[in-house]
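**Student:** need the 3D shape of this:
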Amino acid sequence: MPAFITVRFLDILDILLVAFLLFQLYRLIKGTVAFNIVIGLFSLYLFWLIVRALNMELLGSIMGQFIGVGVLALIVVFHPEIRKFLVFIGTNYNVNKVLSLDKLFGAGKVKTINHQQIDSLVDACVSMGKSKTGALIVIAGDLELDEQIHTGEKINARISSSLIRTIFFKNSPLHDGAIIIKGNRIVAAGCILPLTQKELDQALGLRHRAAVGMTENSDSLCIVVSEERGSISVSQKGEIKRRISKEALIEILEKNILEEAIDDKK
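**Tutor:** Numbers count the residues shown, from 1 in each chain. Below is the predicted model of the structure:
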C-alpha cells in the first residue's frame, strides 16, 4: 500500500505561523548588520551539516561544540533585535488592550491633545523649517518612555509654538537633543534617543537616525526638521517619510493623535 502524507489544518497553521514570524524577523533585521550575521550563521550551519554527513569527526566535534552554545550566543549578539521584536509584538497587536492590563493596573491614560496644540506643533515645525533650525520632536504613544525622559531636562510645560522654537534655537543648551511630548504636555527636552542600525540615505543626519531608532523601539511618532535643508520628516514604526508638507503633517498628526485620544475616551 502506498503511503500518503496526511496534512492537518494545524500543520498548515503551523507553517503559516512560522512563515509569518520569519517574515517579521526579516523586516526587523533588513538593512542592518544583523542580517549579514544571520546569513553567516546560516552558512556555517549548512557547512556543519555537510561535515556531519561526510563523517568528519574532528571538525564535526569542534563545530558541534560551537553550535551547542549557539542559542546563548544568539541572545547576546541579537539582543537589540530581540528587544525590537518583542516591542513590535507588544505595540502593534495591542496586547495590553486585549488583556485589559491598563485597566487591571489602573494605568489607563487619556491623551487630551487637541487641534489647537496640533496647530502649535505644525506652526513650530514650519517656522523652524523656514529658518533651517534643526529639531527632533517625539510624541509618545502608550509606552511611557521614562528611559529617554531621564536623559534630558524635565520641564512639564504646555505645548506652544514659541516654546518649541525657543528650545531648538541654536544657542539654547537643549537644542541638540529631542523634546518628548506626552498627552498635551512637553515633559522633557534635550533627551538622547537610540540610533537606528539600518542603512539609511547618507543625506540623513543623526536626528533622522535617532527618529527611526526611537520608533523602532517604541510606538512613538517622531518629527524631524532638517538643519541643512529645512525639510520636515516624520518617522513611525521604524520607517521615515521625508519632505512632508504642512498639510500632510497636519493630516498625519490628526490621524495618529486625535483618533487615539478619542479611542481612549470611549
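**Student:** thought Ile192 was touching Gln148?
**Tutor:** Yes - taking C-beta atoms under 8 Å as the definition, Ile192 is a contact partner of Gln148 at 7.0 Å. Quick note: C-beta positions are derived from backbone N, CA and C, even for glycine.
**Student:** who's more crowded, those two?
**Tutor:** Taking Ile192 and Gln148 together and counting by other C-beta atoms under 10 Å, Gln148 has the greater number of neighbours (23 against 14).
**Student:** check which helix or strand covers the more buried one.
**Tutor:** helix 146-149 (DSSP states H and E).
**Student:** what does that helix rub up against?
**Tutor:** Taking contacts as C-beta atoms under 8 Å, 6 or more residues apart in numbering, the residues outside helix 146-149 that touch it are Val138, Ala178, Ile180, Val187, Ala188, Cys191, Ile192, Leu193, Met214.
**Student:** could you flag which of the residues you listed are buried?
**Tutor:** Among the contacts of helix 146-149, those that count as buried by neighbour count (16 or more other C-beta atoms under 10 Å) are Val138, Ala178, Ile180, Val187, Ala188, Cys191, Leu193, Met214.
**Student:** in strands, which of these appear?
**Tutor:** Helix and strand membership here follows DSSP state E; of those, those in strands are Val138, Ala178, Ile180, Val187, Ala188, Cys191.
**Student:** tell me which two in the residues you listed are the farthest apart.
**Tutor:** Ala178 and Val187 (11.4 Å; C-beta to C-beta).
**Student:** just to revisit the earlier point, among the contacts of helix 146-149, which one sits closest to Leu21?
**Tutor:** For Leu21, the closest of the contacts of helix 146-149 turns out to be Met214, at 24.4 Å, with distances computed as C-beta to C-beta.
**Student:** quick one: that closest one from Phe169, how far?
**Tutor:** Counting by C-beta to C-beta, to the nearest Å, the gap between Met214 and Phe169 amounts to 22 Å.
**Student:** ditto for Arg242
**Tutor:** Distance from Arg242 to Phe169, by C-beta to C-beta: 24 Å.
**Student:** Lys182 too?
**Tutor:** Distance from Lys182 to Phe169, counting by C-beta to C-beta: 23 Å.
**Student:** of those two, which one has the most company?
**Tutor:** In this comparison of Lys182 against Phe169, neighbours counted by other C-beta under 10 Å, the higher total goes to Lys182 at 21 against 14.
**Student:** contacting residues around the residue lying closest to the more buried one once chain neighbours are set aside?
**Tutor:** Nearest in space to Lys182, with sequence neighbours left out and distances taken as C-beta to C-beta, 6 or more residues apart in numbering, is Ala140 at 4.5 Å. For Ala140, the contacting residues are Ile180, Ile181, Lys182, Ser218, Ser220, by C-beta under 8 Å, 6+ apart.
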